[in-house]
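Trainee: need coordinates for the following:
(one chain, ligands or ions: 1)
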Amino acid sequence: MITLIPENCNACRQCTYACLYGGIVLEGKTPVRTDSCTGCDACIDICKTGAIVSSGQNIRLGHDIAEYKGVWVIAEQRQGHILPVALELLGKARELADIRETGVTAVLLGDGVDKSGDLLIKHGADRVFIASAPFLGSYRTSPFVRIISGVIKEHRPEIVLFGATAMGRDLAPRLANSLRTGLTADCTQLEMSADDGVLLQTKPAFGGNIMAAITAANHRPQMATVRPGVMQPVCSPSRKGDTVFLDVREEHSDTIVSILKTVKKKQSRATLEKADIIISGGRGLGDSKGFKLLKDLAAVFSGQIGASRAAVDMGLIDHDHQVGQTGRTVRPCLYIACGISGAVQHLAGMQSSDIIVAINKDPKAPIFQVADFGLVGDLNRIIPEIIEQLK
Ligand SMILES: Cc1cc2nc3c(=O)[nH]c(=O)nc-3n(C[C@H](O)[C@H](O)[C@H](O)COP(=O)(O)OP(=O)(O)OC[C@H]3O[C@@H](n4cnc5c(N)ncnc54)[C@H](O)[C@@H]3O)c2cc1C
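Mentor: Residues are numbered from 1 along each chain as shown. Take a look at the predicted model:
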């Protein structure tokens with residue numbers, strides 16, 4: 001929220017032009033905040049005379065942002081099993097919390113999840129809030145939003161992280177609205193400013209052509225979703241923490257939506273996120289002959305097949321195998337990119353791999369900038385040679 005210092009105002013009106021909402025007006029020579037102010041603070045940046053300064057308050061909730069402490073992870077489960085992304089987020093939360101010298105809290109909703117606190121603690125949580133009840137067995141927006149927003153409003157965490165899963169993508173924006181705060185979706189990197197606790201949330205933007213760093217300096221909690229496979233889990237079996245059971249009752253249940261049946265999608269797709277070795281092919285494969293080569297190479301390594309979007313668009317392989325911004329995010333021990341140029345949208349999904357090998361006939365291909373080993377040449381000659389050598 002802004003604080004106005006009228007004696008510093010020179011009536012230049014820049015603030016009124018900068019405000020898209022009519023949130024600030026000049027009455028005579030005095031700046032006045034109107035009810036339309038959203039607290040975006042655009043007027044603070046534009047004011048050169050110090051007549052508009054930040055009051056350090058979350059305008060939406062009316063709390064001082066200094067009251068918000070701790071890093072929280074909303075842990076997701078399926079049929080009582082914690083999803084790996086929850087453990088990955090805890091690893092990141094631990095790192096951020098240590099910088100701020102604060103604690104990590106995990107929040108878990110489900111049915112029969114009473115004993116899951118230990119796993120979350122071992123992966124970095126100091127405290128786990130568990131709500132366990134039959135009506136929480138399957139995700140439904142309303143009860144989850146009601147319960148989680150209640151506990152967030154009570155304890156005021158500084159940061160809340162979600163997996164960018166189907167559930168996280170539904171839950172996080174609804175919560176952000178209920179808490180009157182911002183949300184950055186699909187972050188690939190999170191960094192913390194130790195002094196003021198501002199979270200630098202990096203995500204691909206404008207079709208992946210730029211990496212945007214987003215902050216929510218004046219609102220709390222700061223909320224972000226992160227795709228599975230992006231962050232690293234850490235496990236310390238001796239870690240200790242507290243499990244707190246939330247008192248949830250049937251009135252939290254959703255009377256509008258009921259789940260009649262859950263139908264599992266057939267798992268024809270590659271489990272690329274879990275693969276240790278991925279052999280990926282792009283437009284440079286040319287056709288199905290090139291793709292056969294890729295399969296032969298994958299067989300030698302017992303690896304899984306990945307692909308660029310161009311290879312998918314050419315119909316060489318199913319979209320389930322696509323790696324990148326609009327495909328899978330992978331982190332194998334070994335990623336071999338064959339005939340892939342290394343567009344930012346592709347790199348967004350694989351550049352955290354431990355070792356990257358690139359095969360490309362163009363020595364200037366951007367993929368070589370992220371590759372640990374580069375083989376410049378025609379893949380139709382190089383791949384058979386590798387297969388031969390390995391055999
Ligand atoms: C919003 C948006 C989202 C996107 N999401 C994704 C995504 O998730 N994943 C993704 O991959 N892309 C994505 N893209 C597309 C991306 O921008 C690129 O177009 C795509 O990655 C290019 O694929 P490629 O590298 O296979 O093809 P190209 O860029 O055409 O590169 C082919 C490469 O093969 C090399 N080559 C050709 N022949 C040979 C040979 N015989 N031997 C060796 N090398 C050879 C060439 O030198 C070249 O470097 C997205 C784009 C947009 C706008």
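
Trainee: domain parsing for the chain?
Mentor: As recorded under automatic domain parsing, the domains making up the chain are 2-55, 66-252, 272-390.

Trainee: out of those, nearest to the ligand?
Mentor: Judged by CB to the nearest ligand atom, the one of the domains of the chain that comes nearest to the ligand is domain 272-390, at 2.3 Å. (Each C-beta comes from the backbone N, C-alpha and C, glycine too.)

Trainee: the closest one near the ligand at all?
Mentor: Yes - using CB under 6 Å from any ligand atom, domain 272-390 reaches the ligand at 282-284, 308-311, 322-327, 339-341, 343, 345-346, 349, 359-362, 365, 378-380.

Trainee: repeat that for stretch 218-232.
Mentor: No - Stretch 218-232 lies out of reach of the ligand by CB under 6 Å from any ligand atom, never closer than 11.4 Å.

Trainee: could you give me the buried positions within that stretch?
Mentor: 218-231 (16 or more other CB atoms under 10 Å).

Trainee: that older thread, among the residues of domain 272-390 next to the ligand, which ones are in helices?
Mentor: Using DSSP state H, the subset of these located in helices is 309-311, 345-346, 379-380.

Trainee: farthest-apart pair in the residues you listed, please.
Mentor: Gln345 and Asn380 (25.5 Å; CB to CB).

Trainee: least confident pick among the ones in helices among the residues of domain 272-390 next to the ligand?
Mentor: Lowest pLDDT of these: Gln345, 90.

Trainee: isn't it right up against Ala310?
Mentor: No - using CB atoms under 8 Å, Gln345 is not in contact with Ala310; the gap is 10.4 Å.

Trainee: where does the stretch 101-250 of the chain have low pLDDT?
Mentor: Filtered on pLDDT under 70, the stretch 101-250 of the chain yields the residue ranges 207-209.

Trainee: now do the buried residues in the one helix or strand Asp98 maps to.
Mentor: Per DSSP states H and E, Asp98 falls inside helix 84-100. Within helix 84-100, the residues scored as buried using 16+ other CB under 10 Å are 84-97, 100.

Trainee: that helix: how far from the chain's middle?
Mentor: 12 Å (CA atoms, centre = their mean, to the nearest Å).

Trainee: what packs against the helix or strand just after that helix?
Mentor: Per DSSP H and E, helix 84-100 leads on to strand 104-110 as the next helix or strand towards the C-terminus. Secondary-structure packing of strand 104-110 (3 or more CB pairs under 8 Å, 6 or more residues apart in numbering; DSSP states H and E): strand 71-75, strand 77-78, helix 84-100, helix 117-122, strand 127-132, helix 141-155.

Trainee: now the angle between strand 71-75 and the last one, please.
Mentor: If you take axes from the mean of the first three to the mean of the last three CA atoms, to 10 degrees, helix 141-155 sits at 160 degrees to strand 71-75.

Trainee: which residues sit against the helix or strand just after helix 141-155?
Mentor: Downstream of helix 141-155, the first helix or strand assigned by DSSP H and E is strand 159-163. Residues from elsewhere that reach strand 159-163 (CB atoms under 8 Å, 6 or more residues apart in numbering): 70-74, 76, 83, 85-86, 88-89, 92-93, 96, 152, 168, 171-172, 175, 190, 197, 199, 221-228.

Trainee: and Asp287, how many residues sit next to it?
Mentor: By the criterion of other CB atoms under 10 Å, Asp287 has 10 neighbours.

Trainee: state the pLDDT value of it.
Mentor: With respect to pLDDT, Asp287 has a value of 89.

Trainee: again with Ala270
Mentor: pLDDT at Ala270 comes out at 60.

Trainee: show the contacting residues for the nearest residue to Leu120 once chain neighbours are set aside.
Mentor: For Leu120, ignoring the flanking residues on the chain, the nearest one in space by CB to CB, 6 or more residues apart in numbering is Ala106 at 4.2 Å. Shown in contact with Ala106 (CB under 8 Å, 6+ apart): 72-75, 86, 90, 120, 125, 127-129.
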